[in-house]
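Q: the following comprises the amino acid sequence and a computationally predicted model.
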Amino acid sequence: DAIHPGYGFLSEKTEFADACRDNGIAFVGPTVENLAMFGDKTSARALAIKCNVPVVEGTPGPSDNLDDARSFINNGPGYPVIIKASMGGGGRGM
């Protein structure tokens, strides 16, 4: 009738939440749309900015090359910086 996925990777899987919904099982957690929105760090950051939530300084969008990253660093916060993958979880990729 209902599933609480616990914490961790299963709770973040849009496919799992989708499968629950498709099979008439209540997923106790965020909606599939919320999972997708916040699983993508770029869209989550854009939403936070839109809602006037304070965020740390960062690039206005994804940076896919070293020259853009260096330009941002040299004209903005300086070093040290953390480069974060836009997708993924658990802090891996920092």
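A: That came through fine. Numbering: from 1, shown residues only.
Q: and A85, how far from A26?
A: Per C-beta to C-beta, to the nearest Å, A85 is found 31 Å from A26. (Each C-beta comes from the backbone N, C-alpha and C, glycine too.)
Q: cool, and P54?
A: Taking C-beta to C-beta, one finds P54 at 34 Å from A26.
Q: with neighbour numbers in mind, choose between the two.
A: Remark: of P54 and A26, A26 carries more neighbours, 11 against 6, as counted by other C-beta atoms under 10 Å.
Q: residue contacts, the nearest residue to that one once chain neighbours are set aside?
A: Leaving aside its chain neighbours, A26 sits nearest to A2 (3.9 Å; criterion: C-beta to C-beta, 6 or more residues apart in numbering). Contact analysis of A2 by C-beta atoms under 8 Å, 6 or more residues apart in numbering lists 25-28.
Q: excluding its backbone neighbours, what's nearest the spatially most central residue of the chain?
A: Nearest to the mean C-alpha position of the chain, counting by C-alpha atoms, centre = their mean, stands K41 at 2.9 Å. Spatially, and ignoring its direct neighbours in sequence, K41 is nearest to S86 (4.7 Å; C-beta to C-beta, 6+ apart).
Q: what residues are up against that neighbour?
A: Here S86 is in contact with 40-42, 62 (C-beta under 8 Å, 6+ apart).
Q: ChimeraX command to pick out the buried ones of these?
A: Of those, the buried ones can be selected in ChimeraX as follows, counting by 16 or more other C-beta atoms under 10 Å:
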select :40,41
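Q: now tabulate the contacts of S86 in a markdown table and tack on pLDDT.
A: As requested, the contacts of S86 are exported to a markdown table (pLDDT from 0 to 100):
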| residue | pLDDT |
| --- | --- |
| D40 | 81 |
| K41 | 83 |
| T42 | 85 |
| P62 | 82 |
